[in-house]
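A.B. asks: quick check, what structure comes out for this input:
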Amino acid sequence: MNKTEMAKKLAKKADLSQAKAAEVIDIIFSSDSGEGIIAVELDADREVAISGFGKFYTSRSKARTGRNPATGETIQIAAKTHAKFKPAKGLKDRVSV
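C.D. replies: Sure, this is the predicted structure:
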């Protein structure tokens, strides 16, 4: 399912126009700088927990030494922050049926 298909389903279920439904989806999920409720919260290092669905959060990996597999050369891998999602029990149970 893509964003357009999701907007169509949301519009039908919530009795909205398809344009308004797409706008709601953008407000929640946009990854543009300063946009998107979830992305803004993750930028501020806060979790977004949706009961019964799951939790969006950030995780940090430390800087470490790695090896270039092509040359065997030792390289430095920088520390990084990753966005992660952990499904709630309700979602896991529904999908694993």
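A.B. asks: all helices for this structure, in order.
C.D. replies: 3-14, 18-29, 37-43, 89-95 (DSSP state H).
A.B. asks: got these as a markdown table, with distance to Ser59, mean neighbour count and mean pLDDT columns?
C.D. replies: C-betas here are computed from N, CA, C, even on glycine. Output for the helices of the chain, formatted as a markdown table (distance: least, CB to CB, whole Å; neighbours: other CB atoms under 10 Å; pLDDT from 0 to 100):
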| stretch | distance to Ser59 | mean neighbour count | mean pLDDT |
| --- | --- | --- | --- |
| helix 3-14 | 26 | 13 | 96 |
| helix 18-29 | 20 | 14 | 96 |
| helix 37-43 | 10 | 16 | 96 |
| helix 89-95 | 19 | 11 | 94 |
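A.B. asks: export those to CSV and tack on distance to Ile50?
C.D. replies: Formatted as CSV, these follow (distance: least, CB to CB, whole Å):
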stretch, distance to Ile50
helix 3-14, 15
helix 18-29, 10
helix 37-43, 9
helix 89-95, 9
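A.B. asks: mind saving the C-alpha coords of stretch 55-65 as CSV?
C.D. replies: Provided in CSV are the C-alpha atoms of stretch 55-65 (Å, rounded to 0.1, in the frame of the first residue of the first chain):
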residue,chain,number,x,y,z
LYS,A,55,6.5,2.4,19.5
PHE,A,56,8.7,4.6,17.4
TYR,A,57,12.0,5.4,19.1
THR,A,58,15.7,6.2,18.4
SER,A,59,18.7,4.1,19.1
ARG,A,60,22.4,5.1,19.0
SER,A,61,25.3,3.0,17.7
LYS,A,62,28.8,3.9,19.0
ALA,A,63,31.7,4.7,16.7
ARG,A,64,33.7,1.6,15.9
THR,A,65,36.5,0.2,13.8
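A.B. asks: that stretch: how far from the chain's middle?
C.D. replies: 14 Å (CA atoms, centre = their mean, to the nearest Å).
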